[in-house]
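Trainee: Take this sequence and fold it.
(chains A and B)
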There are 2 protein chains.
Amino acid sequence: MKTVIVIGALGKMGQAALSGLKNHKVITAGRSGEVDHIVDITDEQSIINLYEQVGHFDAVVNTVGYCEYATFDEMSESQWMTTVTSKMMGQINLVRIGQRYIAEGGSFTLISGILNVKPIPMAIADATTSGAIDTFVKCVAYELPRGIRINAINPTVLEEAWAVYGEMMPGFQPVPSALVGKAFERSVAGFITGEVLFVDA
Amino acid sequence: MKTVIVIGALGKMGQAALSGLKNHKVITAGRSGEVDHIVDITDEQSIINLYEQVGHFDAVVNTVGYCEYATFDEMSESQWMTTVTSKMMGQINLVRIGQRYIAEGGSFTLISGILNVKPIPMAIADATTSGAIDTFVKCVAYELPRGIRINAINPTVLEEAWAVYGEMMPGFQPVPSALVGKAFERSVAGFITGEVLFVDA
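Mentor: So this is what the prediction gives:
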């Protein structure tokens, strides 16, 4: 049984992750709501506070990363930077700072998303930052000390989120969040590292 | 014969690009030195000024993107953001702004670099932003209007830069810049779009 910090635990992707982590001790975190710890991944000090408050942990599972959606022509520099700051640098900073706190042999599991390999209109910033995260995970795995592992989960849309995203994703087959939960479980419990775990149908 | 803006024309990668563009009318640009236009790709207004000053052009070839190099543990948030602002967002902004100025059927050619598929120590920010650019090019190609194309050149180290980078890249085979120039030529003169042109040995 591992102690796992799940960031974004109240969201749909967080719930998917939780479904796969029932054999572990979960510490929930998020920007607001009924979680064990409040954290904003776009704020370095907030990340430091989270790790300091938690103390011992074996794994970090991040399920959040805010993206702006617009056509490429209409997406402003500010919208791009909002996405970069959260989905890309927020996640990188979770690992950069967290590597100093996490237990030996611990693991980080980040979130990207299928739109970098299945592009759709309005999602260029999501796709680009997902590509950055997938690449980051594959490359940084060689650098992490003390047997620390890192993987990314790259899911398609969840069945549970289809009502919200289905209209912008014609021709996509949603997957049950329990299946995405399995990917989180495989990342946390296994020995794999530097991998992007696609969950697609 | 196309009118091609080459950004970073005085650098080694710029010289590689120029070697492939001898059949075209080249307008040189860069941050300093003996170029036709001064431009800083990290500054939106500077990009706008470049396009306004040039007037008609059929292609933009970018060969610049500043990266910081350090171990993942030692690379600061500020070093990450310097890299993101230049190599990633600087190039994205060249396209975002340039799509409104470039001629019908024009092309953008961006630069990434082989370290996102052949990771080495010290290069995590370079690799991550190269992954972002490769993804961006593949996805945004579907969105560009008026027959505008986009590709990325993803070269290994140049023979001409081996003296500088060779020590940090053991086991890499440098390629002649003339070969990289061919990839730039193929992007500018061809009909391909949404492709990453790897030049590796």
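Trainee: Quick test: name the residue nearest the centre of chain A.
Mentor: With distances taken as CA atoms, centre = their mean, residue A:111 lies nearest the centre of chain A, 2.7 Å away.
Trainee: That one pairs with what?
Mentor: Legend: beta-bridge partners of residue A:111 under DSSP bridges are residue A:153.
Trainee: Quick check: residues of chain A near chain B?
Mentor: Chain A has residues A:44, A:71-73, A:75, A:77, A:80-81, A:84, A:88-89, A:92-93, A:96, A:99, A:115-116, A:119, A:121, A:123-124, A:127-132, A:134-136, A:138-140, A:142-145 near chain B, with proximity defined as CB under 8 Å from any CB of the partner chain. Backbone N, C-alpha and C define where each C-beta goes, glycine included.
Trainee: Show me what counts as buried in stretch A:105-114.
Mentor: Of the residues in stretch A:105-114, A:106-114 count as buried by neighbour count, 16 or more other CB atoms under 10 Å in any protein chain shown.
Trainee: ok, and for stretch A:67-78, which residues are buried?
Mentor: Judged by neighbour count (16+ other CB under 10 Å), stretch A:67-78 contains these buried residues: A:67-69, A:72, A:75.
Trainee: ok, then the element right after the lowest-mean-pLDDT helix or strand in chain A?
Mentor: None of the helices or strands of chain A scores lower by mean pLDDT, DSSP states H and E than helix A:162-165, at a mean of 94. Sequence-wise, the next helix or strand downstream of helix A:162-165 (DSSP states H and E) is helix A:177-189.
Trainee: So which elements touch the next helix or strand after that following helix?
Mentor: Downstream of helix A:177-189, the next assigned helix or strand under DSSP H and E is strand A:195-199. Counting contacts by 3 or more CB pairs under 8 Å, 6 or more residues apart in numbering or on different chains; DSSP states H and E, strand A:195-199 packs against helix A:124-140, strand A:149-155, helix A:177-189.
Trainee: And the contacts of strand A:195-199?
Mentor: With CB atoms under 8 Å, 6 or more residues apart in numbering or on different chains as the contact definition, strand A:195-199 has outside contacts at A:112, A:114, A:117, A:134, A:137-138, A:151-156, A:175, A:179-180, A:182-183, A:186-187.
Trainee: Would you give the sheet partners of it, along with the direction of each?
Mentor: In its sheet, and by DSSP bridges, strand A:195-199 pairs with strand A:149-155 (parallel).
Trainee: Give the helix, strand or coil label for residue A:91.
Mentor: Under DSSP: H, G, I helix; E, B strand; the rest coil, residue A:91 falls in the helix class.
Trainee: what's the closest non-adjacent residue to it?
Mentor: Of all residues not flanking residue A:91 in the chain, residue A:110 sits nearest, at 4.8 Å (CB to CB, 6 or more residues apart in numbering or on different chains).
Trainee: pLDDT at the residue located most distally from the centre of chain A, what is it?
Mentor: The outermost residue of chain A relative to its centre, with distances by CA atoms, centre = their mean, is residue A:73 at 27.3 Å. At residue A:73, the predicted lDDT confidence score is 97.
Trainee: same check, this time on residue A:47
Mentor: Residue-level pLDDT assigned to residue A:47 equals 98.
Trainee: quick one: which helix or strand includes the closest residue to it other than its chain neighbours?
Mentor: What sits nearest to residue A:47 in space, not counting adjacent residues and going by CB to CB, 6+ apart, is residue A:97, at 5.0 Å. In this assignment (DSSP H and E), residue A:97 forms part of helix A:89-98.
Trainee: Who are the packing partners of that helix?
Mentor: Counting contacts by 3+ CB pairs under 8 Å, 6+ apart, helix A:89-98 packs against helix A:44-54, strand A:59-62, strand A:107-111, helix A:124-140, helix B:77-83.
Trainee: Please identify the most buried of these.
Mentor: Highest mean neighbour count among those (mean count of other CB atoms under 10 Å in any protein chain shown): strand A:59-62, with a mean of 28.
Trainee: In its sheet, which strands sit next to that one, and in what direction?
Mentor: With DSSP bridges as the test, strand A:59-62 pairs up with strand A:3-7 (parallel), strand A:107-111 (parallel).
Trainee: what residues does the least confident helix or strand of chain A touch?
Mentor: A:157, A:174.
Trainee: Next, the buried residues of it.
Mentor: Buried, per 16+ other CB under 10 Å, within helix A:162-165: residue A:165.
Trainee: can I assume residue A:68 is in contact with residue A:81?
Mentor: No - in terms of CB atoms under 8 Å, residue A:68 does not count as a neighbour of residue A:81; the distance is 9.2 Å.
Trainee: Assign a three-state SS to residue A:72, would you?
Mentor: Following three-state DSSP, the label given to residue A:72 is coil.
Trainee: picking up where we left off before, looking at the residue nearest to residue A:47 now. What's its pLDDT?
Mentor: pLDDT for residue A:97: 98.
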